[in-house]
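1. Provided below are the primary sequence and the corresponding predicted coordinates.
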Amino acid sequence: MFSSVCIVDSETIFSTQLNDALENLKRILAELELTLENVVKVQVWLKNISDLPEMERLFHNHFEKDQFPARMTSTTEFVDADCLVMLEGIAWYS
């Protein structure tokens, strides 16, 4: 199980926050000697549903073609008003 929350500074651009969250996820997985290939499911929370097409595009940049994890995407309001995205998911290894 993993969780990757956007790290908000003065940057409130969705693509930056999602890329940072995915890079943070890569670091967490690397500590366990895993990669994004081990991710089997991701729950994505978006503040704005209008960011969904950009999320899809950015996932293509981080995951291998035809190797996407199962995903569920929903919208929510975050406690931190500057947070635009949060990831939670499951990585599997044998």
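-> Cool, the structure landed.
2. Tell me which stretches of this structure form strands.
-> 2-5, 39-46, 70-75, 85-91 (DSSP state E).
3. lowest-confidence helix or strand of the protein?
-> strand 2-5 (a mean of 59; mean pLDDT, DSSP states H and E).
4. Which one of the strands of the chain lies nearest to Glu64?
-> Closest to Glu64 of the strands of the chain, according to C-beta to C-beta: strand 39-46, at 11.0 Å. Using the backbone N, CA and C atoms, a C-beta is placed for each residue, glycine as well.
5. ranking the strands of the chain by mean pLDDT, which is last?
-> Confidence, taken as mean pLDDT, is least for strand 2-5 of these (a mean of 59).
6. rewinding a little: now tabulate the strands of the chain in CSV and tack on mean neighbour count and distance to Leu18.
-> Formatted as CSV, those follow (neighbours: other C-beta atoms under 10 Å; distance: least, C-beta to C-beta, whole Å):
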stretch, mean neighbour count, distance to Leu18
strand 2-5, 17, 10
strand 39-46, 18, 9
strand 70-75, 12, 12
strand 85-91, 19, 5
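7. For Glu33, which of these is the nearest?
-> Taking those one by one with C-beta to C-beta, strand 85-91 is closest: 11.0 Å.
8. From Glu37, how far off is Val44?
-> As defined by C-beta to C-beta, to the nearest Å, Val44 lies at a distance of 18 Å from Glu37.
9. Going along the chain, name the helices of this structure.
-> 14-31, 52-62 (DSSP state H).
10. Output the ones you listed in a markdown table, with mean pLDDT and distance to Glu77 appended to each entry.
-> Formatted as a markdown table, the helices of the chain follow (pLDDT from 0 to 100; distance: least, C-beta to C-beta, whole Å):
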| stretch | mean pLDDT | distance to Glu77 |
| --- | --- | --- |
| helix 14-31 | 90 | 15 |
| helix 52-62 | 94 | 16 |
